[in-house]
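Novice: Quick one, fold the following:
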Amino acid sequence: MQERLSLLPHKRIGVAVIRNKQGEILIDRRLAKGEIAGLWEFPGGKIEPNETVEECIKREISEELAIEVEVGDRLITINHTYSTFEVTLFVHHCQYLSGEPQAIECDEIRWVTLAEISNYTFPEANTQIITILQNIEQ
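Specialist: Okay, here's the model as predicted:
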């Protein structure tokens, strides 16, 4: 186990790569306030104490987008350091099940194809997710 030496706040985030039946991926635009404001991201949120990554993703997607998903296999785990905080992203494939996506905790939501995703600006840590998705599809 690697010991963390940084004094920066550390966030553990469950992240969902949600696909619909057409193969499109759901992305959302962060609110215009706070850290990495206004950038697009894959939906998710902070993992609560005693909560599994899968439980976190289901809860966050329900609270923030008002939809139900089935959490699937882990895609990747990413550790990234920004100037004011560190983040570990636990990224899982998810299948959209039901509900009409709503922008409850974000400014905007969109279903996009991988071909379109480069038209959106994502936080630095998310670029690894996009790269791995593009490599899987090739």
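Novice: can you list the residues that contact the longest helix along the chain?
Specialist: Ranked by residue count and defined by DSSP state H, the top helix of the chain is helix 53-65. Under the contact criterion CB atoms under 8 Å, 6 or more residues apart in numbering, helix 53-65 has outside partners 14-16, 18, 26, 28, 43-48, 51, 67-69, 71, 74, 90, 92, 94, 99, 101-106, 109. From N, CA and C alone the C-beta is placed, and that goes for glycine too.
Novice: list the contacts for residue 80?
Specialist: Taking CB under 8 Å, 6+ apart as the criterion, residue 80 is in contact with 86, 87, 88, 89, 124, 125.
Novice: Could you list everything it pairs with in the sheet?
Specialist: For residue 80, the beta-bridge assignment (DSSP bridges) gives partners residue 87.
Novice: Kindly provide the distance from it to residue 87.
Specialist: Distance, residue 80 to residue 87, by CB to CB, to the nearest Å: 5 Å.
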